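1. Would you be able to build a 3D model of this:
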Amino acid sequence: MKANNKCIFLFGYGRFDQRFETVSFILAKELAKNNRVFYIDYPLTTKDAFRLKNTESYKIRQKAFKGENNGIIDTTIPNLKIIVLPPLWSIHFLPEGKLYRKLLQLNEKVIARTINKIVKAEGIDDFIFFNSWIALLVCVGSSVLLGLLRWTSMNEMLRFVLNFRRSSREPG
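-> Have a look, this model is predicted:
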């Protein structure tokens with residue numbers, strides 16, 4: 001079974017232009033063969049952005065950081081676009097607590113605002129949001145189903161996505 005003619009937002013683990021492609025970017029390219037795919041690039045932190053300021057990687061993202069084209073970078077692959085998020089707060093070193101939670105909340109708002117802006121600008125009604133880190137968010141229009149799921153294999157994860165697609169087509 002294949003997903004066809006869907007709009008998919010895939011939050012990737014890894015940057016689209018890194019030396020070695022990640023499984024999530026390979027998945028995005030594969031899904032783009034039959035679907036409209038927005039690959040959400042692994043975000044830079046404010047620390048990364050400052051450190052990489054003079055690199056080609058930063059220069060590729062610079063217009064997107066400023067909000068030009070809604071943060072979208074076109075690719076040579078039909079149906080595949082890259083979404084570049086503005087730099088996020090680096091929080092991995094912080095202990096769990098109020099500051100950590102507040103900065104996490106700010107980061108989540110930046111991500112949601114970026115995606116919502118693109119959904120509105122592109123006139124997207126229905127889409128699937130796939131977080132290739134550890135969680136799966138499935139969004140259909142304004143309805144959001146959140147499943148914090150852990151899979152034992154990529155096959156198990158893909159089976160879940162394909163079963164969701166099948167169940168969403170079945171009369172209910």
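2. Give me the three-state assignment for residue 103.
-> Classification of residue 103 by DSSP: H, G, I helix; E, B strand; the rest coil places it in helix.
3. Identify the residues contacting it.
-> 89, 91, 94 (Cβ atoms under 8 Å, 6 or more residues apart in numbering). In this view, the C-beta of every residue, glycine as well, is placed from N, C-alpha and C.
4. Look up the pLDDT of it for me, please.
-> Residue 103 carries a pLDDT score of 91 in this model.
5. Residue 81 now?
-> pLDDT, read off for residue 81, is 94.
6. what about it, which SS state?
-> strand.
7. Quick check: bridge partners of it?
-> residue 38, residue 74 (DSSP bridges).
8. OK, contacts around it?
-> 37, 38, 39, 72, 73, 74, 75.
9. Please repeat the previous calculation with a cut-off of 7 Å.
-> Each residue near residue 81 by Cβ atoms under 7 Å, 6 or more residues apart in numbering is listed here: 38, 72, 73, 74, 75.
10. Out of the residues you listed, which comes closest to residue 29?
-> When the contacts of residue 81 are compared for distance to residue 29 (Cβ to Cβ), residue 75 comes out closest, at 8.8 Å.
11. number of nearby residues for the closest residue to residue 104 other than its chain neighbours?
-> Once flanking residues are discounted, residue 104 sits nearest to residue 91: 5.9 Å by Cβ to Cβ, 6 or more residues apart in numbering. The number of residues packed near residue 91 is 15, by other Cβ atoms under 10 Å.
12. Residue 118 contacts residue 69, doesn't it?
-> No: using Cβ atoms under 7 Å, residue 118 is not in contact with residue 69; the gap is 9.7 Å.
13. quick one, what contacts the closest residue in space to residue 28 that isn't next to it in sequence?
-> Excluding the flanking residues, the one nearest residue 28 by Cβ to Cβ, 6+ apart is residue 39, at 4.2 Å. By Cβ under 7 Å, 6+ apart, the contact set of residue 39 is 10, 12, 16, 25, 28, 80, 82, 83.
14. Mind doing that once more with 6 Å?
-> 10, 12, 28, 82 (Cβ atoms under 6 Å, 6 or more residues apart in numbering).
15. Could you list the low-pLDDT ranges of the chain?
-> Scanning the chain for pLDDT under 70 picks out the ranges 1-2, 14-18, 20-21, 133-172.
16. Would you state the strands of it in chain order?
-> For the chain, the strands defined by DSSP state E cover 7-11, 36-40, 72-74, 80-83, 128-131, 136-140, 143-147.
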